[in-house]
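> Sequence first, then the predicted structure, then my questions.
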Amino acid sequence: MDSGEFENSTPAGNEQGRHSRESGNELRSSNRLAKARRRMLKRDLEGRDITDPRVLKVMAEIPREEFIPQSWQSQAYADGPLPIGMGQTISQPYIVALMTQELRVNRDCEVLEIGTGSGYQTAVLSKLVKKVYTIERFAQLSESAQAVLGRFGVSNVEFYVGDGSCGWPKSRLPTSRCFDRIMITAAVPKMPEPLAKQLADGGLIVAPVGYGGVQELVACEKKANKIIERLICDVRFVKLLGEYGFEQ
Ligand code: SAM
């Protein structure tokens, strides 16, 4: 299985014959972004409570700017969410790192992600686990995420467009087995039942849960069909709209 190589990847890199001044500008801009990424790592991740070296390594390697519209790329390493179209956002880098760390993944994990969005969180997970199954409501966002991950050669992600609150469609699962981990990247009023059902025993779900503008990020562990919830911190997420999410 090849989960792709991000380091030193330049999907929009130099083409032969491009004007040298243009290349010079691109180089300066990519150097600036690389510097900003290192600063983000030190200040916003290590400087807070991100201690998992695997998470830090992956976040150091993946160019977040490739997942956001060009007009926002200079802000790629600012400490906040950014618009990605369709009224949706790419999450703050710290929150991506925190949710990944709290998911406690390993190389054998099969992970279900609800809310593909830009595909950045998907890319982070793809580098740490065996396989990611990701669901997005908007076809346009899913297609754009597929294009970015495709350019990076990531091949351990399966995409689906639909209502993620209902879980991964059973007809598309190779076996009837459950997921080792589930990450919900939009706010849910309560844990969607179909997702709790698709979680393997001993597995974990990390999700923002709550009705208001501020939700609680929770980690839920499934043990002998019981869900044990642990609160992590307050967060602000866009809503998960769907049958087991918020009303449209
Ligand atoms: N993790 C994403 C990233 O790295 O860019 C950010 C996700 S964004 C905060 C939440 C996403 O959930 C949006 O793209 C939104 O369209 C999607 N979403 C909302 N309701 C959904 C549903 N019922 N099923 C699947 N995706 C949904």
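Happy to help now that I have it. Numbering: from 1, shown residues only.

> Rounded mean pLDDT for stretch 166-178, please.
In this model, stretch 166-178 has a mean pLDDT of 83.

> Sorry, wrong one. I was asking about stretch 147-156.
Averaged over stretch 147-156, pLDDT sits at 97.

> Go through it and flag the buried ones.
The neighbour-count check on stretch 147-156 (16 or more other C-beta atoms under 10 Å) flags 148-149, 152, 154, 156 as buried. C-betas here are computed from N, CA, C, even on glycine.

> ok, and does it reach over to the ligand?
No - Stretch 147-156 stays clear of the ligand (C-beta under 6 Å from any ligand atom), getting no nearer than 10.3 Å.

> same deal with stretch 124-131?
No - figure legend: stretch 124-131 not in contact with the ligand (C-beta under 6 Å from any ligand atom); closest approach 7.9 Å.

> which other residues reach that stretch?
1, 3-4, 6, 54-55, 58-59, 61-62, 96-97, 100, 103, 105-111, 113, 132, 149, 154, 156-158, 181, 183 (C-beta atoms under 8 Å, 6 or more residues apart in numbering).

> Residue 63 and residue 190, how far apart?
Distance, residue 63 to residue 190, using C-beta to C-beta, to the nearest Å: 36 Å.

> isn't residue 140 right next to residue 85, touching?
Yes - the pair residue 140 / residue 85 is scored as a contact, 6.9 Å apart, by C-beta atoms under 8 Å.

> Which strands border the one helix or strand residue 111 maps to, and is each parallel or antiparallel?
Assigned by DSSP states H and E, residue 111 belongs to strand 110-114. In the sheet, strand 110-114 lines up against strand 131-136 (parallel), strand 179-184 (parallel) (DSSP bridges).

> Moving C-terminal from the first one, which element do we reach first?
Where DSSP H and E defines the elements, the next helix or strand beyond strand 131-136 is helix 139-151.

> which bits of this structure sit near the ligand?
84, 88-91, 114-115, 117-118, 120-121, 135-138, 141, 163-165, 185-186, 237-238, 240-242, 245.

> who are the neighbours in contact with the one residue sitting closest to the centre of the chain?
The centroid of the chain falls nearest to residue 121 when counting by C-alpha atoms, centre = their mean (1.5 Å). Shown in contact with residue 121 (C-beta under 8 Å, 6+ apart): 91, 96, 99-100, 113, 183, 185.
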